[in-house]
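Asks: following is a predicted model, sequence given first.
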Amino acid sequence: VVVAEGEKDADRLSDLGLLATTNPGGAGGWRPQYSKVLQGRQVAILCDNDAVGLQHAEQVRTALRTSGAVVALVGLPDLQRGQDVSDWLDADHHVDELHELIDTALRQAQARPDGDQSHERSTSYA
């Protein structure tokens, strides 16, 4: 499952064949009941490349890990400050590349016995 920061991105990812979701209201809107739906799942978080996006992603990751999900923050190479996954796809990146990034991040998350996925991002968020 891919968690995007907003409806636009979740819809775009769904249109590309990914199982994608988000929460109403965008960043800061994650509620504990949303984690129950994803309990025990493998979840990749794609946040916007800004401080608010990273804070939201960390909030979601913490909540999902508490529910027993395997969670990875997926960094998108060449993502500019303030951009999101839709911008990244518009910049000539392909869904196959996204699948590869998600798969790699989730494998790394599963391999960490302590559940710490803080180092799997392939880009830094400002």
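Replies: Received the coordinates, thanks.

Asks: could you list the residues in contact with the lowest-mean-pLDDT helix or strand in the chain?
Replies: In the chain, no helix or strand scores lower on mean pLDDT, DSSP states H and E than helix 32-37, which sits at a mean of 86. The contact list for helix 32-37, computed with C-beta atoms under 8 Å, 6 or more residues apart in numbering, reads 23, 63-64, 66-67, 69. The way it works is simple: take the backbone N, C-alpha and C, and place the C-beta from them, glycine included.

Asks: would you mind writing the PyMOL command to select the buried ones in the residues you listed?
Replies: Restricted to buried positions by 16 or more other C-beta atoms under 10 Å, the PyMOL selection for the contacts of helix 32-37 reads:
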select buried, resi 23+63+64+67+69
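
Asks: helices along this structure, start to end?
Replies: Using DSSP state H, the helices of the chain run over 7-15, 32-37, 51-66, 85-90, 95-111.

Asks: noted, bye for now.
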